[in-house]
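Enquirer: Kindly generate the corresponding structure for this input.
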Amino acid sequence: MSILDQIAKPADRPVIVTLLGDAGMGKTSLAATFPKPVFIRAEDGMQAIAADARPDAFPVLSSVDQLWEQLTALIKEDHGYKTVVIDSVTALERMFGQYILDNDPKRPKSLNQANGGYGAGFAAVATLHQRVRKAAGLLVEKGVHVVFIAHADTEVIELPDQDPYTRYSLRLHRKSTAPYTDDADVCAFIKLRTFTTGDGERKKAISDGSRLLVTYAAAANVSKNRFGITDDLELNPGQNPLAAHIPSLSN
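Expert: Alright, predicted model coming up:
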């Protein structure tokens, strides 16, 4: 048998999605609309979801070891969940940072000093995020979607061929972002629909409270998708706008 006999068209598979946005934008509520979800909670952000619509969830994490226990159980044991939501990777960043500090025998006061300094503490935190992403890959192999929730922050982008500009990104150290952006199928930014009123210097932004989901590459925020989505998606309560564009979400 030739190795060429292994060539075939890849089948649709579960997806890995990162949802990014400011506080109160509906990240957790949107994650709850994915197929039969269960939440791993590094923070308690589910109170905004009505009790009768609130998905199942593990107890809020109190240690990094609990995170690995919960992920391992979902990977190895039988269950009926179709989506695992991690809420949030921003809170995991804080937990991972404290874990690195607590396990350094020199008892450093900050990650700048941890593991001998020179960025080693931040690299150790990034390694833990990579471990989370590896677990997500194993869940996908099992047939389970994975959703990462991240809080937004702004960063200044300085490129060699244009002036510096500011964009929304994940509130993580730059070494920790790749597992949730480069290695995700969708990185979606939730924003308010905003209108500008007034003339000259008196212009101001107003919003009717409706939200849009940005999943295509944009200068104003980190976002991407592998499904050819090129327009803003309307975000309505209780609905998942990605289901119309991603085959494995509608199965």
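Enquirer: Only C-alpha atoms from now on, for both contacts and neighbour counts.
Expert: Fine.
Enquirer: how close does Ser2 get to Ala11?
Expert: 21 Å (Cα to Cα, to the nearest Å).
Enquirer: Arg94 too?
Expert: The value you get for Arg94 to Ala11, if Cα to Cα is used, is 37 Å.
Enquirer: Looking only at neighbour counts, state which of those two leads.
Expert: Neighbour count, other Cα atoms under 10 Å: between Arg94 and Ala11, Arg94 has more, with 13 against 6.
Enquirer: Name the helix or strand for the more buried one, please.
Expert: helix 89-102 (DSSP states H and E).
Enquirer: which parts of that helix are buried?
Expert: Using 16 or more other Cα atoms under 10 Å as the burial criterion, the residues of helix 89-102 that qualify are 89-93, 95-101.
Enquirer: tell me the angle of the helix or strand following that helix relative to helix 89-102?
Expert: Counting by DSSP H and E, the next helix or strand C-terminal to helix 89-102 is helix 120-141. Using axes from the mean of the first three to the mean of the last three Cα atoms, to 10 degrees, one finds that helix 120-141 and helix 89-102 are set 130 degrees apart in direction.
Enquirer: tell me which residues of the helix or strand following helix 120-141 are tucked away?
Expert: The helix or strand immediately downstream of helix 120-141 is strand 145-157, counting by DSSP H and E. By neighbour count with 16+ other Cα under 10 Å, strand 145-157 contains the buried residues 145-152.
Enquirer: Low-confidence bits of the protein, can you list those?
Expert: 195-208, 251 (pLDDT under 70).
Enquirer: where along it do the helices fall?
Expert: Assigned by DSSP state H, the helices in the chain fall at 27-31, 64-76, 89-102, 120-141, 178-181, 247-250.
Enquirer: Need the buried residues of strand 145-157 in a markdown table (columns: distance to Asp161).
Expert: Listed next are the buried residues of strand 145-157 as a markdown table, based on distance: Cα to Cα, whole Å:
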| residue | distance to Asp161 |
| --- | --- |
| His145 | 38 |
| Val146 | 36 |
| Val147 | 34 |
| Phe148 | 32 |
| Ile149 | 32 |
| Ala150 | 30 |
| His151 | 29 |
| Ala152 | 26 |
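Enquirer: what's the most distant pair in those residues?
Expert: Greatest spatial distance in the buried residues of strand 145-157: His145 and Ala152, 22.2 Å, computed using Cα to Cα.
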